[in-house]
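Trainee: Provide a 3D model corresponding to the input given below.
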Amino acid sequence: MEFKHPEILYFLFLLIVPILVHLFQLRRFQKQYFTNVALLKEIEIQTRKSSKIKKWLLLATRLCLLTALIIAFAQPYFKATEATKQNNELVIVLDNSFSMQAKGNKGELLKRTIQEILENTPENQQLSILTNDNAFYDTDIKSVQSDLQNITYSSTPFNPQGLIAKIQAKKTGVPKDILFISDAVGLKNKLTPNLHTDSNIYFQPLTAVKKENTAIENVSISEVLDQFYKLKITLKYFGNPINDLPISLYNGNKLLAKALLSKEKLQKEISFTIPKSNFHGYVQIEDQSLAYDNTYYFSITKPNKTSILAIGNVAKCNFLRKIYTEDEFNYTQTEVKQLKYSAIENQEALVLNELPSVSSALLTTLKNYYDKGGIIIFIPDSNGDKLSYNSFLKVFGTLQFNEKNAEKKITTISYNHPIYQNVFEKKVTNFQYPKVNNSWSTIGTATSVLQYEDKSIFLGHLTNRIGNLYVFTSALSKEITNFQNAPLIVPTFFNMGQHNLSSGLTAFTIGESNSYSINETIAKDNVLTVSNASSSFIPMQQILNTKIKLTFGNYPEIAGNYQVRKDKEILNNISFNYPRSESNLETVNETYFDACTEVNSISTFFNDIHSNRSDTEIWRFFILATLLFLITELLIQKLKK
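Mentor: Purely as a prediction, here's the structure:
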């Protein structure tokens, strides 16, 4: 037991006063002689004994009364077990990722949690509140009430480890009480907090009542017809839907098509056919679970003609004319001797077709073209100068030609490579393999696009994230290979020629490393903006000859359909979607917060902190004892004669 005002205990010396008074009152009686009456003597003896007992009782009662009163004024208390943590900084970390849209016993997890924070946090409590994408430091619950009620769901992943680092950086060395509130969906590994020794870390788990969910995973163009696009909508089911799912396709606000997906017969894919024209809309389903993954935004831009220049023997380039047709490409070809270097920068793609060697002047021009975002397709000659080829390749990376190979079959396709996206409906494991009579073996590194049966490169890809270089390791003349007769040649060259262009379907995922090229020129002081009716941002941009490359980073923050604008002029339509990383509510990491003390609710959290860190004051009991001793004294005075 300790005292807040121990100096008051000096008043205990005053207890000597009632003792002295008592001793004074207990002095001997004076003898007074009466007649010899035995009864009077007996009464005298009894009276003396009774008076002494009463006075001793009164003395004891008064001493206890004064002692209890003095101790009460000294304010005694029992020190709290966590008294040293009374001044810890309080931080609440609230998960506002999309999985928190799920419904708990009392409604949506996030909204209900915010309401409980507002209802149970003491008004005078200083605290900081952090979410996935926002922070309110050193405030109180009244000041942030409006901000908390306006918190929306964030595409930024919930990263407790990173948030702890952020909290620590704000006030280094200050002990903290950190409360994490999350459903722990999609978290990896375990939390390893590195905090001050007096810091505490707590976790309030939230659980969805129903974990069934359906997400629109992707939209792609599965087939291009003369007058129509055939769209493929890919769905992903987590558990079985409770009801049938309506699915709708909108171009802007105009409903184009609608269908009903039966819960009895789940379809993972559904197709819609739309006119072959510009499209700027979305596809949407209606389920009873998460809402963020029910809408998929996408835009389709009718392709502009692509300028492609083939450099090499005109006769050997004729197969390219059949691929790069007039309705979609501005295709030209020239002998290397007639090449005008100034024309190169106006091309979207260059094809170096079986040049015997690459001159230093051409190499310099090609390197500058590549660095500004150009596409180069290199096809070697079977009898070409290996030394010249390697000097050319060395400028772009580590890939080098080595020795000549005998006949090989082309057997492996990299289906995940960008030029083959949306080309194949499924992976083909057995097809009529093209063959090559002789080719160059390679050393160094390049991304494999097509491979031989021995896993060596037939078509490799090098990039600096702006320009692209595609390297064949064999000539494509008919006497060397039958690749010209293979169906694979058309999508390969077609998509290589359009790799950097902003045509076709665009649907970017927010937070991924997205880039987008647009055919436009602007002055150095001007910028392009990306906007819609509710928001606007300026992406990173790089001027590349007649194109501008846009890089979006973590923007925009809200999914939707947007326009790329030059001042007020709309240049192109693009769309952004949230990542589908939290659609599966079953992916709860139950061990992630093992290092934390688990609490059941906000109110429990505050009660525990208050009880563990508040001293137990007992002065009230001494006041009560004082009253009891006073009553006891009054009773003694009245009852004890």
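
Trainee: Three-state assignment for the closest residue to residue 582 other than its chain neighbours, please.
Mentor: Nearest residue to residue 582, sequence neighbours excluded (CB to CB, 6 or more residues apart in numbering): residue 99, at 4.0 Å. In short, each C-beta sits where N, CA and C put it, glycine included. The three-state label given to residue 99 by DSSP: H, G, I helix; E, B strand; the rest coil is helix.

Trainee: in the stretch 251-400 of the chain, where is pLDDT below threshold?
Mentor: Along the stretch 251-400 of the chain, segments meeting pLDDT under 70 span 303.

Trainee: let me see the ranges of the strands in the stretch 101-250 of the chain.
Mentor: For the stretch 101-250 of the chain, the strands defined by DSSP state E, counting those that start in this stretch occupy 103-104, 107-108, 127-130, 135-139, 176-182, 200-205, 213-224, 228-238, 245-251.

Trainee: okay, those in CSV with mean neighbour count and distance to residue 536 next?
Mentor: Compiled in CSV, the strands of the stretch 101-250 of the chain are given as follows (neighbours: other CB atoms under 10 Å; distance: least, CB to CB, whole Å):
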stretch, mean neighbour count, distance to residue 536
strand 103-104, 17, 33
strand 107-108, 14, 29
strand 127-130, 21, 27
strand 135-139, 14, 24
strand 176-182, 24, 32
strand 200-205, 20, 37
strand 213-224, 18, 25
strand 228-238, 18, 29
strand 245-251, 19, 22
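
Trainee: and the nearest residue to residue 623 once chain neighbours are set aside, how far from residue 61?
Mentor: Nearest residue to residue 623, sequence neighbours excluded (CB to CB, 6+ apart): residue 72, at 4.8 Å. Distance, residue 72 to residue 61, by CB to CB, to the nearest Å: 16 Å.

Trainee: same deal with residue 619?
Mentor: Residue 619 is 20 Å from residue 61, by CB to CB.

Trainee: more neighbours: those two, which one.
Mentor: Neighbours per residue (other CB atoms under 10 Å) separate residue 619 from residue 61, with residue 61 holding more: 21 against 18.

Trainee: and residue 548, what are its bridge partners?
Mentor: Applying DSSP bridges to residue 548 gives these bridge partners: residue 518, residue 543.

Trainee: just give the number of residues close to it.
Mentor: So residue 548, with other CB under 10 Å, has 24 neighbours.

Trainee: correct me, but it touches residue 539?
Mentor: No. Residue 548 lies out of contact with residue 539 (CB atoms under 8 Å); the separation is 9.9 Å.

Trainee: okay, and the common contacts of these two?
Mentor: Here residue 548 and residue 539 share the contacting residues residue 528, scored by CB atoms under 8 Å, 6 or more residues apart in numbering.

Trainee: list the buried residues in stretch 308-321.
Mentor: Judged by neighbour count (16 or more other CB atoms under 10 Å), stretch 308-321 contains these buried residues: 308, 309, 310, 311, 312, 313, 316, 317, 319, 320.

Trainee: oh sorry, the question was meant for stretch 357-367
Mentor: Residues of stretch 357-367 classed as buried: 358, 362, 365, 366, 367 (neighbour count, 16+ other CB under 10 Å).

Trainee: how about the strands of the stretch 451-600 of the chain, start to end?
Mentor: Under DSSP E, counting those that start in this stretch, the stretch 451-600 of the chain gives strands at 457-463, 468-472, 504-506, 508-509, 515-519, 529-531, 536-537, 540-544, 547-551, 560-566, 569-577, 597-598.
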